[in-house]
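A.B. asks: sequence and predicted structure, then a few things I'm wondering about:
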Amino acid sequence: MKTAYRPTPSSGRQAALIALRNLKMARSAHAYVRGNTIRFYQWLESLESHTLPDGPPIWICGDCHVGNLGPISNAQGHVEIQIRDLDQTVVGNPVHDLIRLGLSLATAARGSDLSGVVIATMMEQMMEGYERAFDTACEDAGGSIESPESARVIMRQAWKRTWKNLARDRIENTKPTIPLGKSFWPLSREEKRAVKQLFADEIVARLATLLRSRDEGASVKVLDAAYWVKGCSSLGRLRVAVLLDVGRGSSSGDDLCLMDIKEAIQAAAPRYPAVRMPRDNGERIVEGARHLAPFLGERMRASRFLDRSVFLRELLPQDLKVEINQLTHDEAMKVARFLALVVGKAHARQMDGSTRESWQRELQRNRSKKLDAPTWLWTSIVELVSRHERGYLEHCRRYAMDSATR
């Protein structure tokens, strides 16, 4: 086994994680979008050729790219496609989610060698899907929108998945251990003690007994824990995988629980001034999740880990992300419309009737005869795609030079 995959906490973990993040972001332009939330908002703030509308102050995802949407299960076993990553959530302007999603979709389309005409049409379809969420009560909106094949496939996969599927995918092992290697690195003694202290807290431990298949009063025991090398933009932050035994039976199947502990840091997404949000970043993320993705929010808790703000959630077999590889013209239209509907429902459920109506009117403004999407959206996407491509190529050049000198 290569030692580069198993640095000790005191011998270069942070440097190794940063190098891995650079590598992941250099692999594709779409990966660069996912890993560059801070740059996205820097670029967006610097745009001077348009004015973004001030949408109603609601909880937004803040990092609304394609990979952050997918099937999510609630504690009762129901599954829906919702927003699945809320690290950047704030009470802010909903147009930021629209532009972030539009950039992600445009980059995926370019990666599939689709034309600029197709991308313009995708933006129109995105707005149609988003606005459909505001037509009626948000929970019932959009029933006539056809799901893309990628969404249907991943939902079928989600419904069929079991603990064994989760274990093989996440820890490459169905035994009650977390194998060290490429994805999991050893914890320090201090971190191991912190894990045990965390789950000695009854409030945190009860997070593992939420599922309807488990006894609410069951005991919770830490079986194993490791530093989790996972994600892209979050690489470098504290992240720990914890394997728990729930109850007093054999350590298998429903008795096992894989918990994800993730450091919560300040959001890059701009918040509206004079709005109330939790000051603690972990509590902010959990609160945003409860508004935007209720299935996920009910399964999350905020806590402290070695004096850092963290949030926890159990990973369930049904929790997946929408994967977009090669897009055809028809699939691109359906993906744009459907994913925007998901985001629209997350926004709309936070608004009363009058707020939804006024927001719909605002979205209908600034549309040209040639493009059925707001001018501010199209202008933002065009400029951001240009800046993104330049930033991506520069990142690849710097990474290649850094690699050559090592």
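C.D. replies: Nice, thanks for sending it over. Residues are numbered from 1 along each chain as shown.
A.B. asks: low-confidence regions, the stretch 101-250 of the chain specifically.
C.D. replies: Residues of the stretch 101-250 of the chain that meet the criterion pLDDT under 70 lie in 136-144, 172-174, 212-213, 248-250.
A.B. asks: helices of that one, residue ranges please.
C.D. replies: 116-132, 149-160, 163-170, 189-200, 202-205 (DSSP state H, counting those that start in this stretch).
A.B. asks: got those helices as TSV, with distance to residue 334 columns?
C.D. replies: No exception for glycine: its C-beta is placed from N, CA and C like everyone else's. Output for the helices of the stretch 101-250 of the chain, formatted as TSV (distance: least, Cβ to Cβ, whole Å):
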stretch	distance to residue 334
helix 116-132	8
helix 149-160	8
helix 163-170	26
helix 189-200	43
helix 202-205	41
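A.B. asks: reformat these as CSV; add distance to residue 306 and mean neighbour count.
C.D. replies: Shown next, in CSV, are the helices of the stretch 101-250 of the chain (distance: least, Cβ to Cβ, whole Å; neighbours: other Cβ atoms under 10 Å):
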stretch, distance to residue 306, mean neighbour count
helix 116-132, 41, 21
helix 149-160, 34, 15
helix 163-170, 23, 16
helix 189-200, 5, 15
helix 202-205, 14, 13
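A.B. asks: where does the stretch 251-400 of the chain dip in pLDDT?
C.D. replies: 251-254, 400.
A.B. asks: mind listing the helices for it?
C.D. replies: Taking DSSP H, counting those that start in this stretch as the test, the helices found in the stretch 251-400 of the chain are 281-292, 294-297, 329-348, 353-364, 375-405.
A.B. asks: how about the helices of the stretch 101-250 of the chain, which one is nearest residue 333?
C.D. replies: Distance to residue 333, taken as Cβ to Cβ, is lowest for helix 116-132 among the helices of the stretch 101-250 of the chain, at 4.9 Å.
A.B. asks: and the residue nearest the centre of the chain, what does it touch?
C.D. replies: For the chain, the residue nearest the mean C-alpha position is residue 85 (2.5 Å; Cα atoms, centre = their mean). Shown in contact with residue 85 (Cβ atoms under 8 Å, 6 or more residues apart in numbering): 61, 63, 67-68.
A.B. asks: repeat that for 7 Å
C.D. replies: 63, 68 (Cβ atoms under 7 Å, 6 or more residues apart in numbering).
A.B. asks: distance check, it against residue 72.
C.D. replies: Distance of residue 85 to residue 72, computed by Cβ to Cβ, to the nearest Å: 10 Å.
A.B. asks: before we move on, what about residue 16?
C.D. replies: Distance, residue 16 to residue 72, by Cβ to Cβ: 31 Å.
A.B. asks: and if you look at residue 81?
C.D. replies: Noted for residue 81: a distance of 7 Å to residue 72, by Cβ to Cβ.
A.B. asks: kindly report the same for residue 315.
C.D. replies: Counting by Cβ to Cβ, the gap from residue 315 to residue 72 is 11 Å.
A.B. asks: still on that earlier bit, the residue nearest to the centre of the chain and residue 217, how far apart?
C.D. replies: Residue 85 is 32 Å from residue 217, by Cβ to Cβ.
A.B. asks: for residue 395, same thing?
C.D. replies: Distance from residue 395 to residue 217, by Cβ to Cβ: 51 Å.
A.B. asks: of the two, which one has the most company?
C.D. replies: More neighbours surround residue 395 than the other of residue 395 and residue 217, with 18 against 8 (other Cβ atoms under 10 Å).
A.B. asks: what's near enough to touch that one?
C.D. replies: With contact set as Cβ under 7 Å, 6+ apart, residue 395 has these partners: 25-26, 32.
A.B. asks: and residue 70, which of the three is it?
C.D. replies: Following DSSP: H, G, I helix; E, B strand; the rest coil, residue 70 is assigned to strand.
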